[in-house]
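J.: Mind folding the following:
(chains A and B)
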Amino acid sequence: GAVVSQHPSRVICKSGTSVKIECRSLDFQATTMFWYRQFPKKSLMLMATSNEGSKATYEQGVEKDKFLINHASLTLSTLTVTSAHPEDSSFYICSAGQSANTEAFFGQGTRLTVV
Amino acid sequence: QKEVEQNSGPLSVPEGAIASLNCTYSDRGSQSFFWYRQYSGKSPELIMSIYSNGDKEDGRFTAQLNKASQYVSLLIRDSQPSDSATYLCAVTGSGGYNKLIFGAGTRLAVHP
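T.: Residues are numbered from 1 along each chain as shown, chains lettered A, B, ... in the order given. Model (predicted):
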């Protein structure tokens, strides 16, 4: 099956610093990838749609200047949390699918802790 | 109104029983429906996908879809303690292309 790899799996950073999370499709090309955030005991909330070669589309309430998304190739999307604060601590997960309206596969997720 | 609704549970069933998980959605344009299983601290894992009305069986799992009622369910037969997890219902919105809208999830506990 399709494999999506996410890195790092865990990161602890100081308040005010920036953190980059990578999401790679390992055996297929993904023109579109998705970034989700999940708080403890809550469901996944879609943050943005990452589009290869163009700007990301952000969901309402998500600050695009704080959560920078770059999708420079057909197999890689990155999410950078800029000037991180403790309230940004969360589980961030990316997903990608091989084609429209088929199942999406998730990366392993990144546990971000801002201290 | 939430787009995808699930009972948060916990749903507790004895080992060997059938667990029934339900989900309703609001967007009539939704085309694809998925059930994911998520263990605590882990990423969601795809269990079933269903695209047309009726039943779809895969091993101990059966997904049921009724588009007229905007309802999708997951049955787990012969439930095992290892099935204990949160089950997330997800649908693609009218925009399609794997943009999944998730329900809040139902926590399932299978006790020996």
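J.: rest of the way, CA atoms for contacts and neighbours
T.: Will do.
J.: after the worst-scoring helix or strand of chain B on mean pLDDT comes which helix or strand?
T.: One helix or strand of chain B scores below all others by mean pLDDT, DSSP states H and E: strand B:100-102, with a mean of 87. Next along the chain after strand B:100-102, taking DSSP states H and E as the criterion, comes strand B:106-111.
J.: Could you see whether chain A lies near that following strand?
T.: No - Strand B:106-111 stays clear of chain A (C-alpha under 8 Å from any C-alpha of the partner chain), getting no nearer than 9.8 Å.
J.: Return the alpha-carbon coordinates of that strand using PDB.
T.: Output in PDB follows, covering the C-alpha atoms of strand B:106-111 (Å, rounded to 0.1, in the frame of the first residue of the first chain):
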ATOM      1  CA  THR B 106     -15.900   6.700  19.100                       C
ATOM      2  CA  ARG B 107     -13.900   5.100  21.800                       C
ATOM      3  CA  LEU B 108     -14.300   1.300  21.800                       C
ATOM      4  CA  ALA B 109     -13.400  -0.800  24.800                       C
ATOM      5  CA  VAL B 110     -13.400  -4.600  24.400                       C
ATOM      6  CA  HIS B 111     -13.100  -6.300  27.800                       C
END
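J.: Sort out which residues of it are buried, please.
T.: By neighbour count on 16 or more other C-alpha atoms under 10 Å in any protein chain shown, the buried set for strand B:106-111 is B:Thr106, B:Arg107, B:Leu108, B:Ala109, B:Val110, B:His111.
J.: Summarise which helices and strands that strand is packed against.
T.: strand B:11-14, strand B:85-92 (3 or more C-alpha pairs under 8 Å, 6 or more residues apart in numbering or on different chains; DSSP states H and E).
J.: roughly how far apart are A:His85 and A:Ile12?
T.: Noted for A:His85: a distance of 11 Å to A:Ile12, by C-alpha to C-alpha, to the nearest Å.
J.: ok, those two, which is more surrounded?
T.: Taking neighbours as other C-alpha atoms under 10 Å in any protein chain shown, A:His85 and A:Ile12 compare with A:His85 leading, 17 against 12.
J.: Find the residue closest to the more buried one in space, skipping its chain neighbours.
T.: Excluding its sequence neighbours, the residue lying closest to A:His85 (C-alpha to C-alpha, 6 or more residues apart in numbering or on different chains) is A:Ser15, at 5.0 Å.
J.: Tally up the residues packed near that neighbour, please.
T.: Neighbours of A:Ser15 under the rule other C-alpha under 10 Å: 16.
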